[in-house]
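Trainee: give me the fold of what follows.
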Amino acid sequence: MRLTLISLIFFCLSSYFVQAQSPDKLSFQAVIRDSIGGLVVNQSVGL
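Mentor: Predicted coordinates:
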């Protein structure tokens with residue numbers, strides 16, 4: 001019983017401190033379209 005309780009506490013604490021993190025430089029691609037559905041090409045866009 002005591003071992004089970006200690007294991008449960010250890011599991012809860014370890015899962016609390018472990019967090020998934022994405023890489024600092026995550027590259028991705030997107031398709032940007034204007035209001036009429038045309039592709040936006042060679043232009044800077046902001047979010």
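
Trainee: all contacts plus neighbour counts: C-alpha atoms, from now on.
Mentor: Fine.

Trainee: confirm that residue 8 sits in a helix.
Mentor: Yes. Counting by DSSP: H, G, I helix; E, B strand; the rest coil, residue 8 is found in a helix.

Trainee: contacts only, for it.
Mentor: Shown in contact with residue 8 (CA atoms under 8 Å, 6 or more residues apart in numbering): no residues.

Trainee: can you pull the pLDDT of it?
Mentor: Among the per-residue scores, residue 8 holds a pLDDT of 88.

Trainee: any low-confidence regions in this structure?
Mentor: Low-confidence segments of the chain, defined by pLDDT under 70: 16-24, 26.

Trainee: all helices for this structure, in order.
Mentor: Taking DSSP state H, the helices of the chain run over residues 2-17.

Trainee: where does residue 38 sit relative to residue 31, distance-wise?
Mentor: 10 Å (CA to CA, to the nearest Å).

Trainee: could you check how far residue 3 is from residue 9?
Mentor: Taking CA to CA, one finds residue 3 at 10 Å from residue 9.

Trainee: make that residue 45, sorry
Mentor: For residue 45 relative to residue 9 (CA to CA), the value is 48 Å.

Trainee: neighbour count: the two, which is higher?
Mentor: residue 9 (12 against 7; other CA atoms under 10 Å).

Trainee: contacting residues for the more buried one?
Mentor: Listed by CA under 8 Å, 6+ apart, residue 9 has no contact partners.

Trainee: one more pass at 10 Å, please.
Mentor: Applying CA atoms under 10 Å, 6 or more residues apart in numbering to residue 9 gives the contacts 3, 15.

Trainee: for it, give its distance to residue 31.
Mentor: From residue 9 to residue 31 the distance is 47 Å (CA to CA).

Trainee: now do residue 37
Mentor: Between residue 37 and residue 31 the computed distance is 11 Å (CA to CA).

Trainee: how long is stretch 39-47 from one end to the other?
Mentor: End-to-end for stretch 39-47, by CA to CA: 16 Å.

Trainee: so what touches that stretch?
Mentor: 31-34.
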